[in-house]
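Trainee: need a structure here:
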Amino acid sequence: MKSKHPLDRLLRLRSLLEDVSRVELESRLQELGQIEDALARLRTTAGTMRRQSFAGVAQARSEDRLEAEVIGEWVVWESGAFEKAGQKKTAEVDAAKEIYLERRKERRQVSSVIEAGDAVATMERNRREQRELDDWFGQRNRSGRDRTSPSA
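Mentor: Got it, this is the predicted structure:
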């Protein structure tokens, strides 16, 4: 099938690139969400361990208190690692969003050029059709006058 506009192939390419960058952005956002969920679970665990540590102190059970402190320190370390990963992933999301927006802008520009070209072509076609109709009616009127006018 032949393309009706020379820029249609470019528009299809821009649309595909936009779709790829949108999928990439969605993937990065999903990964960021997973990191944020893990961080929230760690914070919940940290709160639980603090309460367990306080309970161990109150009940004078040193094993429970030490276990809770160790797990609490591990949670703090893990939280730091997840926060760094979250910051890195946020930067990746921002970059992916910029790429997506740029590709969407490029696709819209090509689409606008095609639409403007189509509008101009439609106007020219309408003008040409109107001119042809005017010429046809003009010739019809002249030939009708020639028949009704007296001849020598």
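
Trainee: going forward, measure contacts between C-alpha atoms and count neighbours the same way
Mentor: Will do.

Trainee: OK, contacts around residue 130?
Mentor: With contact set as C-alpha atoms under 8 Å, 6 or more residues apart in numbering, residue 130 has no partners.

Trainee: now do it, the pLDDT please.
Mentor: On pLDDT, residue 130 comes in at 93.

Trainee: quickly note the distance from it to residue 119.
Mentor: Distance from residue 130 to residue 119, counting by C-alpha to C-alpha, to the nearest Å: 16 Å.

Trainee: now stretch 25-32, how far from the centre of its chain.
Mentor: In terms of C-alpha atoms, centre = their mean, to the nearest Å, the centre of stretch 25-32 is set 12 Å apart from its chain centre.

Trainee: buried set for that stretch?
Mentor: Applying a neighbour-count criterion of 16 or more other C-alpha atoms under 10 Å, the buried positions in stretch 25-32 are 25, 28, 29, 31, 32.

Trainee: could you list the low-confidence segments of the chain?
Mentor: Across the chain, the ranges flagged by pLDDT under 70 are 1-3, 54-61, 64, 144-152.

Trainee: grab the most central residue of it for me.
Mentor: residue 22 (4.4 Å; C-alpha atoms, centre = their mean).

Trainee: Three-state assignment for the nearest residue to that one once chain neighbours are set aside, please.
Mentor: Spatially, and ignoring its direct neighbours in sequence, residue 22 is nearest to residue 100 (5.8 Å; C-alpha to C-alpha, 6 or more residues apart in numbering). Put simply, residue 100 is helix when judged by DSSP: H, G, I helix; E, B strand; the rest coil.
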